[in-house]
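Trainee: Below is the sequence, then the predicted model.
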Amino acid sequence: QVQLVESGGGLVQAGGSLRLSCAASGSIFVINDMGWYRQAPGKRRELVALIASGGDTNYADSVKGRFTISRDNAKNTVYLQMNSLKPEDTAVYYCNAGVKKYWYGSSSLYWGQGTQVTVSS
């Protein structure tokens, strides 16, 4: 089994910063893409940022220049540094990872349980 555990959410004032972490554990041979998504009340889950195993990144337009995604492959961990936070960034943030459990076969997508980020105005 594979588990993703997020941490680092909380309450912050507009303009502030938070750093989210997501650690993967369990039966892991290799992790491909890792990403962060968010879901605000009454809205669909949306992509925030993705990072490939080689380090290539992709961001939603709404967070470009403010958020930075990074990963530590040795620790099977992905991070999201969030700066200049806005009230509209308020959401539950979820991480995911494409994990191969064995050298053969394809990867499967796993999700964390989510962490709440609330930005007050």
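Mentor: That came through fine.

Trainee: ranges for the strands of this protein?
Mentor: Counting by DSSP state E, one finds strands in the chain at the ranges 2-7, 10-13, 18-26, 30-39, 46-51, 57-59, 67-72, 77-82, 91-100, 108-111, 115-120.

Trainee: could those strands go into JSON lines alongside mean pLDDT?
Mentor: Shown next, in JSON lines, are these (pLDDT from 0 to 100):
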{"stretch": "strand 2-7", "mean pLDDT": "96"}
{"stretch": "strand 10-13", "mean pLDDT": "98"}
{"stretch": "strand 18-26", "mean pLDDT": "97"}
{"stretch": "strand 30-39", "mean pLDDT": "97"}
{"stretch": "strand 46-51", "mean pLDDT": "98"}
{"stretch": "strand 57-59", "mean pLDDT": "98"}
{"stretch": "strand 67-72", "mean pLDDT": "98"}
{"stretch": "strand 77-82", "mean pLDDT": "98"}
{"stretch": "strand 91-100", "mean pLDDT": "97"}
{"stretch": "strand 108-111", "mean pLDDT": "96"}
{"stretch": "strand 115-120", "mean pLDDT": "98"}
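
Trainee: Residue nearest the middle of the protein, spatially speaking?
Mentor: In the chain, the residue lying closest to the centroid (Cα atoms, centre = their mean) is residue 36, at 2.7 Å.

Trainee: Now it. Nearest residue, chain neighbours left out?
Mentor: Closest residue to residue 36 apart from its sequence neighbours, by Cβ to Cβ, 6 or more residues apart in numbering: residue 48 at 4.3 Å. Heads up, the C-betas are built off the backbone N, CA and C, glycines and all.

Trainee: can you count the residues close to that neighbour?
Mentor: 24 (other Cβ atoms under 10 Å).

Trainee: oh, and call the first residue 551 from now on, that's how I've got it
Mentor: New numbering, starting at 551: the last item is residue 598.

Trainee: That one is in contact with residue 643, isn't it?
Mentor: Yes. The pair residue 598 / residue 643 is scored as a contact, 7.1 Å apart, by Cβ atoms under 8 Å.
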